[in-house]
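1. Task: produce atomic coordinates for the following.
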Amino acid sequence: MSTDAMRPLGATADRATARLGASLHVKGEISGNEDLLIDGSVEGLIQLDERKLTIGATAKVTADIIAREVVVYGNVKGNLRAKDRIEIKKDGSVNGDLTTARIMIEDGAYFKGSIEIDKSAEKEPSGNAFARSSQASAGAAATKTI
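-> As a prediction, the model looks like this:
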């Protein structure tokens, strides 16, 4: 029997995802050390430095977001900063500036703002950091992965 199978449910925090339900509305700051799925509405700041944030299809978020990874199925107004990657899914909508190492915008997604590819956020063996900036506007033409 593996040690994972013997752990109580609360001890698997590395794989646990917290959920903010569709009927919940939060004004203020959300911070923490676990993955989060938002289906409700949030206004303010969301800071999950080393974790994944998923904006559900029913979510309406007006907030600046800082996380390791951000996946958007719903509506976000605010700036997103992700150490690893940002994904905007086909029905997702983002109005704000993105800073990340990797980006994916699916066909049909809405995006208005700027994109900065920040390679310095990734682990690099040498001290060299390469960053480039590009501008994008509403409606991605096709799925792009950088």
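
2. Which positions within stretch 104-117 qualify as buried?
-> Met104, Ile105, Glu106, Ala109, Tyr110, Phe111, Gly113, Ile115, Ile117 (16 or more other Cβ atoms under 10 Å). (Each C-beta comes from the backbone N, C-alpha and C, glycine too.)

3. what do you get for stretch 37-57?
-> Neighbour-count burial for stretch 37-57, with 16+ other Cβ under 10 Å as criterion, is recorded at 37-42, 46-48, 51-56.

4. next one: stretch 27-39
-> For stretch 27-39, the buried set under the neighbour-count rule, 16+ other Cβ under 10 Å, comprises Ile30, Asp35, Leu36, Leu37, Ile38, Asp39.

5. if we can go back for a sec, and which of the buried residues of stretch 37-57 is nearest Glu69?
-> Nearest to Glu69 out of these is Lys52 (Cβ to Cβ; 4.3 Å).

6. Quick check: that closest one touching Asn33?
-> No: with contact defined as Cβ atoms under 8 Å, Lys52 does not reach Asn33; the gap is 11.7 Å.

7. did I read that right, Lys90 in a strand?
-> No: Lys90 is assigned coil when assessed by DSSP: H, G, I helix; E, B strand; the rest coil, not a strand.

8. Which strands or helices does the top strand by length along the chain pack on?
-> Taking DSSP state E as the criterion, the chain has its longest strand at strand 41-55. Strand 41-55 is packed against strand 17-20, strand 25-31, strand 35-38, strand 60-72, with contacts defined by 3 or more Cβ pairs under 8 Å, 6 or more residues apart in numbering; DSSP states H and E.

9. From the contact counts, what lies against the third one?
-> Of the remaining helices and strands, those touching strand 35-38 by 3+ Cβ pairs under 8 Å, 6+ apart are strand 17-20, strand 41-55.

10. go with 10 Å
-> Counting contacts by 3 or more Cβ pairs under 10 Å, 6 or more residues apart in numbering; DSSP states H and E, strand 35-38 packs against strand 17-20, strand 25-31, strand 41-55, strand 60-72.
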